[in-house]
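Visitor: give me coordinates for this.
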Amino acid sequence: MKNVLVLCDSPWHPAEVIKMGFAPLEGDEFHFVFVKAAKDILTPERIAEYPLIICAKGNAVTEANNNPWYEETVTEVGPKEFEDYIRAGGGYIALHAGATGREGTPFAPLVGSTFNGHPLRCGIDVKITGKHPVTEGVEDFHIRDEHYRIDVKAPDAVELARSYSETGGEQVACFAREIGGGRLVMLAPGHCLDVYLNPQFKKLLTNAMRWCMRK
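Guide: Next comes the predicted model:
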């Protein structure tokens, strides 16, 4: 069993959704450790204990506190420390709210993309576009979710899936990167609980975890 650190809880993205969404994946293969108050818990030594970090929160302390959880010279772990962790062989998944770094914000360069908003919740078709261990066995699927507008910035990003909706157009839904000795995956869907319970999304997320941990 591998311990997976899950950072969650920020405005509009409560931890309850993430915990309920990950519950079916808890078992012999994965054990999830959920952290909400990242600012006061994370240290470089602590994150090094985990083979995989899943960031499912934006840069806010908690759902009830919209102040940034990362403050330079104050917070012990931020984009630089996460990048060092990945380069040293760690795995990192930027999941939905964890991929909301806008142009010029601290976490956008770490993920390798920028977030440019989304229309109202809508029906979205997710289509697999890349052959990769992350997409192995995953079929195209339909969800109802927030349709993130994502601009990929990292030249080494390998596109794996695209998403389509009437109001959101065509967007990149998933990509993978290898950074130093580690691996990173960006997954744009994940606002609603039903997304996590979708069999194809569950397979996509599980594959991403295994690939990032080199399983």
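Visitor: have a look at this protein and report its longest strand.
Guide: Longest strand of the chain, by residue count under DSSP state E: strand 169-179.
Visitor: off-centre distance for the helix or strand following it?
Guide: Towards the C-terminus, the helix or strand next in line after strand 169-179, according to DSSP states H and E, is strand 182-187. Distance of strand 182-187 from the chain centroid (C-alpha atoms, centre = their mean, to the nearest Å) equals 8 Å.
Visitor: quick one: mean pLDDT for strand 182-187?
Guide: pLDDT averaged over strand 182-187 equals 98, rounded to a whole number.
Visitor: may I have the top helix by length along the chain as CSV, with CA atoms only?
Guide: Secondary structure of the chain per DSSP state H: the longest helix is helix 199-212. Listed next in CSV are the C-alpha coordinates belonging to helix 199-212 (Å, rounded to 0.1, in the frame of the first residue of the first chain):
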residue,chain,number,x,y,z
PRO,A,199,-15.8,4.5,-14.3
GLN,A,200,-13.7,6.0,-17.1
PHE,A,201,-12.5,9.0,-15.1
LYS,A,202,-11.7,6.6,-12.2
LYS,A,203,-9.6,4.6,-14.6
LEU,A,204,-7.9,7.7,-15.9
LEU,A,205,-7.1,9.0,-12.4
THR,A,206,-5.9,5.5,-11.2
ASN,A,207,-3.6,5.2,-14.2
ALA,A,208,-2.3,8.7,-13.5
MET,A,209,-1.5,7.8,-9.9
ARG,A,210,0.3,4.6,-11.0
TRP,A,211,2.3,6.3,-13.7
CYS,A,212,3.4,9.1,-11.4
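Visitor: how about it: buried residues?
Guide: Within helix 199-212, the residues that count as buried by 16 or more other C-beta atoms under 10 Å are 200-212. In this view, the C-beta of every residue, glycine as well, is placed from N, C-alpha and C.
Visitor: which among those gets closest to L95?
Guide: The shortest separation between L95 and any of the buried residues of helix 199-212 is 7.8 Å, and it belongs to L205 (by C-beta to C-beta).
Visitor: now do the helices in this structure.
Guide: Assigned by DSSP H, the helices in the chain fall at 15-22, 44-47, 79-87, 108-111, 193-197, 199-212.
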